[in-house]
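Enquirer: got a predicted structure here, sequence first:
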Amino acid sequence: EYRGLVKHTGGCHCGAVRFEVWASADLHVFNCNCSICTKKQNRHFIVPASRFKLLKGADNLTTYTFNTHCAQHTFCKTCGVQSFYTPRSNPDGYGIAPHCLDDGTVQTIVTEDINGKEWEKAVKEHKTIRDMSKP
């Protein structure tokens, strides 16, 4: 248990992949406009790996990478839903899709646009994004 955080649970559409994540009830979600986030409508919040636990479905995940191959875009082999992934900005953490969380634990969502089309510049100028996966 983590002080000041709540346990969220979630997963993919078909239920083959399930996870739990400890995070605030008030989520800070990134809306990125890079090529893949735009195509997938990927909005996510970032947590340290220590606050994420895959409960089931490791064998039902597949991963897509491109460009630098740093980001690990993980999705369910059955339904195709990406409920979490390893972001390039925080390769030691996870980006969690808030729309894949079960109902009842999220109080508010604040969305911040990030210019992924100019990824290096955006991440360099952002004051906190690189530290979001630190415990």
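Expert: All right, it came through fine. Numbers count the residues shown, from 1 in each chain.
Enquirer: just the pLDDT at Lys134, thanks.
Expert: With respect to pLDDT, Lys134 has a value of 88.
Enquirer: any idea which residue sits dead centre in the chain?
Expert: The centre of the chain sits closest to Gly95, judged by C-alpha atoms, centre = their mean, with a distance of 1.7 Å.
Enquirer: how about Asp92, what does it touch?
Expert: Neighbouring residues of Asp92 by C-beta atoms under 8 Å, 6 or more residues apart in numbering: 48-49, 133. Heads up, the C-betas are built off the backbone N, CA and C, glycines and all.
Enquirer: now do the buried residues in the helix or strand of the chain at the bottom of the mean pLDDT ranking.
Expert: Least confident helix or strand of the chain, by mean pLDDT, DSSP states H and E, is helix 119-125 with a mean of 88. Judged by neighbour count using 16 or more other C-beta atoms under 10 Å, the buried positions of helix 119-125 are 119, 122-123.
Enquirer: distance to Pro91 for those residues - can I get that in a markdown table?
Expert: Below are the buried residues of helix 119-125 laid out as a markdown table (distance: C-beta to C-beta, whole Å):
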| residue | distance to Pro91 |
| --- | --- |
| Trp119 | 14 |
| Ala122 | 16 |
| Val123 | 12 |
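Enquirer: could you turn the buried ones of the contacts of Asp92 into a ChimeraX selection?
Expert: To isolate the buried members of the contacts of Asp92 in ChimeraX, using 16+ other C-beta under 10 Å:
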select :48,133
